[in-house]
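> Model the following, please.
(2 chains)
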Amino acid sequence: MAWLVKGARLLDPARGIDRTGDLLVDGGKIVRVGGEIRADGEPETIEAKGCVLAPAFVDMHVHLREPGREDAETIESGTRAAAAGGFGAIACMPNTDPPLDSQGAIRFVLERAEEAGPVQVLPIGCITAGRRGERLAEIGDLVRAGAAAISDDGSWVESPLLMRRALEYARMFDIPVVTHAEDKRLSAGGVMHEGEMSLHLGLRGIPAESEVVAIERDVRLAELAEGRLHVAHVSTAEGVAVVRRAKERGLAVTAETAPHYLALTDRCLAGYDTNRKVNPPLRTAADRDALRGAVADGVIDAIATDHAPHPLHEKEVEFDAAPFGVVGLETALAVLLTYLVRAGHLPLPRLVECLTSAPAKILGLDLPGLAEGADASLVLFDPEGSWVVDPSRFESLSRNTPFAGERLFGEIKALFLGPKRIVPRPKSGGGFLFPDEEAR
Amino acid sequence: MKLARKDLLGLEGAAREEIELILNTAGAFKEVLQRKIPKVPTLRGKTAVNLFFEASTRTRVSFELAEKRLSADSVSIAKAMSSAEKGETLLDTVRNLQAMKIDFLIVRHSAAGAPHFLASRLEAAVINAGDGAHEHPTQGLLDLFTVRERFGSFEGLRVVIVGDVLHSRVARSNVFGLRTVGARVTLCAPRTFLPKGIEALGVEVETDVDRAIEGADVVMVLRIQKERQDGCFLPTLREYAALFGINRKRADRLKPGCLIMHPGPINRGVEIEPEVADGPRSVILDQVTNGVAVRMAVIYLLSGGEVEHGVVG
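Numbering: from 1, shown residues only, chains lettered A, B, ... in the order given. From the prediction side, this is the model:
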């Protein structure tokens, strides 16, 4: 199949491309980029005036829940949700049941992803065996099986000695150690940010410091080990400050934050909505603003969703009893466009970087981008297309979004992944299509 | 006047007029309770369910009596006897109760916000009988009633709350209620029991109990739970009693007319000495008596009941 995308804003910041023009995909490759293209043969023409054509997004922090919690998400449903959100590649966290701490588990994920469809899945292996924080997992084995990084996400590696060794050991494979920076001994059973709101709501608080001290320690250990550290889901202004200092000192430290931390604050917990219960928790407006600044100036490298599906019945309980986490794949772009780009906090090219080349670089993923001869891995979206978030239309098996009922701007029109095109039906229409003619 | 709300979940955000309406109505019911037959037919045919997921004697019996004195039909369920023990979710439990056409759900739960979670999903009026460390509005109201009964008004009063403020829903409801009606509030506790930034609620904070209670009109003593003696919040209960306990020596220095209150249950010898709890300044049992009248008022007003010139219609 051949497609000619006409009149789109071609946007690939990593290659310095930002101009209006056409792009031709044929046989799974980008044949021509830019200008007005008159193609031989009869490619399907897609009028894309007002739309943006960019490298397909990369989400470096997703929970696919398989194996173990297939009622919340499967690799199949999770990759469909990813495609619906414009993501061509996602990295999945190893806190499954059993955890991804063995070659077999990594292979299982890769096989299931291969069966599921064209979205690329990059498994992240455990740092420690069984995520127990006691001894290193067989990291070499995990990497050989296809792990792109290691993380005990959900838990911090509490032992500083073990974390140092992990950072040293991982250097042999040039993979980042992704830290869930939270000292749970300080969080002490908290369920939301500790501050004025927790005081009013009578909920146990998680102080900003339980993140800040953990990032600080890990940065020090990365320096000692001369290792590569990636800080997952930074949520605090002080956490940003620690990352900033680490970068200024030339350490191999990178960081991500999630759309919900850039959009929301702890104020929105007034109604005890468990679909806003996340870990780390939604922080204050000052934290949110610092995160926005850090994304704009590059201290935070990437935006990742931390897509964390939970079945309805587990979220429809008392606030204390609900699990942490929100789904994010299908709303990420629209939330970021609505809350950051349209509101003037972030230029679109920087947003695209945060969703493409930045996470790809951290994961060591070769991003084809908008280059002639490259494999097609492209997303086409209409930044002005608005829709109302209706969780019942999600591809994800779970519905736990904090944005339900909100009108957001930014609609995915198509995803081109190799020889396939994936066309989400309009969000108002429901359902989602992997067109048959492009199926393998 | 009528109370224009479906539920009573907390005193935060309650208007002064609402609080005064409840207190005035409680005054009328207190009079009813002193009659030979302390019962009115007002809520005949209405049904109340008391759902208690945490241990309680005082509050549960108080609500039950309030319902019976109003002639409502009432049922009480404790967690140990409920389907929660079989793994049923809270929401399913109350949906089943709703299906049996109840009018009032009185709920106590260890999770803050549990009554709010239910209130938004039920037709029945929900009354918070204590949710985690959040609020216990009827306790706050009965404390306010007891204070007003003695002093006539709240103007110029200084109330000192001593104890585990961090874990106390009673403290929060009292702070919100007392601030709304115009009293000054001082919180006194070990630093570990004072939530960071608590001053934002418009209260004064004092960690020296002797300075805190000097010149106070009311000293509200909070229960110190034994499990707090974990070496993290408190070194020992002994040290707490020495530094913060309301003992005879301290009680003797209180100004004349100063009331000593306690929401119960009391840990005698820890936060308060027995002689003080049972002494002339103590209104601890009046609080309990008033609790029934206040809860009658809340239930009556939430059922749409009206009050004309302090007379219950």
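
> low-confidence ranges in the chain?
Using chain A here. A:425-440 (pLDDT under 70).

> sorry, should have said chain B
Applying pLDDT under 70 to chain B picks out residues B:80-82, B:84-85, B:308-313.

> if we go to 50?
B:313 (pLDDT under 50).

> Just give the nearest non-adjacent residue to the residue in it positioned nearest to chain A, would you?
As assessed by Cβ to the nearest Cβ, chain A sits closest to B:H134 within chain B, at 2.7 Å. Backbone N, C-alpha and C define where each C-beta goes, glycine included. Of all residues not flanking B:H134 in the chain, A:G202 sits nearest, at 2.7 Å (Cβ to Cβ, 6 or more residues apart in numbering or on different chains).

> Give me the distance between A:V58 and A:G88.
Noted for A:V58: a distance of 7 Å to A:G88, by Cβ to Cβ, to the nearest Å.

> and if you look at B:R248?
When distance is defined by Cβ to Cβ, B:R248 is 76 Å away from A:G88.

> Looking at the two, which is more packed in?
More neighbours surround A:G88 than the other of B:R248 and A:G88, with 27 against 12 (other Cβ atoms under 10 Å in any protein chain shown).

> which parts of the stretch 51-200 of chain B sit against chain A?
Proximity of the stretch 51-200 of chain B to chain A, by Cβ under 8 Å from any Cβ of the partner chain, involves residues B:89-91, B:109-114, B:116-117, B:120, B:131-135, B:169, B:172, B:195-198, B:200.

> at 7 Å instead, please
Counting by Cβ under 7 Å from any Cβ of the partner chain, the stretch 51-200 of chain B comes close to chain A at B:89-91, B:109, B:111-114, B:116-117, B:131-135, B:169, B:172, B:195-198, B:200.

> So which of these sit within strands?
Using DSSP state E, B:109, B:131 are the members of these that sit in strands.

> Pull out the buried residues from the residues of the stretch 51-200 of chain B next to chain A.
B:89-91, B:109, B:111-114, B:116-117, B:131-135, B:169, B:172, B:195, B:198 (16 or more other Cβ atoms under 10 Å in any protein chain shown).

> Return the subset of the residues of the stretch 51-200 of chain B next to chain A lying in helices.
The helices, defined by DSSP state H, take in B:90-91, B:114, B:116-117, B:169, B:172 from these.

> Check those and tell me the two furthest apart.
B:L91 and B:R172 (24.8 Å; Cβ to Cβ).

> so what's the residue of chain A found nearest chain B up against?
Across chain A, no residue is closer to chain B than A:G202, which sits at 2.7 Å (Cβ to the nearest Cβ). Listed by Cβ atoms under 7 Å, 6 or more residues apart in numbering or on different chains, the contact set of A:G202 reads B:112, B:131-135, B:169, B:172.

> Could you rerun that using 8 Å?
Listed by Cβ atoms under 8 Å, 6 or more residues apart in numbering or on different chains, the contact set of A:G202 reads B:112-113, B:131-135, B:169, B:172.

> Can you pick out the most distant pair from these?
Among the contacts of A:G202, B:G113 and B:R172 lie farthest apart (Cβ to Cβ), at 12.8 Å.

> Name the residues contacting each of those two.
Residues within reach of B:G113 and of B:R172 at once, by Cβ under 8 Å, 6+ apart, are A:202, B:134.

> what's the distance between B:P265 and B:A55?
B:P265 is 10 Å from B:A55, by Cβ to Cβ.

> what's the overlap in contacts for these two?
Common neighbours of B:P265 and B:A55 (Cβ under 8 Å, 6+ apart) do not exist.

> Tell me the residues on the stretch 51-200 of chain A that lie near chain B, please.
A:194-196, A:198-200.

> Would you quantify the distance from the residue nearest the centre of chain A to A:I175?
Nearest to the mean C-alpha position of chain A, counting by Cα atoms, centre = their mean, stands A:A304 at 2.6 Å. According to Cβ to Cβ, A:A304 and A:I175 sit 16 Å apart.

> quick one: A:L203 from A:G125, how far?
Relative to A:G125, and taking Cβ to Cβ, A:L203 is found at 34 Å.

> before we move on, what about B:G202?
For B:G202, the distance to A:G125 equals 52 Å [Cβ to Cβ].

> which of the two has more neighbours?
Counting neighbours by other Cβ under 10 Å for B:G202 and for A:G125 shows that A:G125 has the greater number, 29 against 13.
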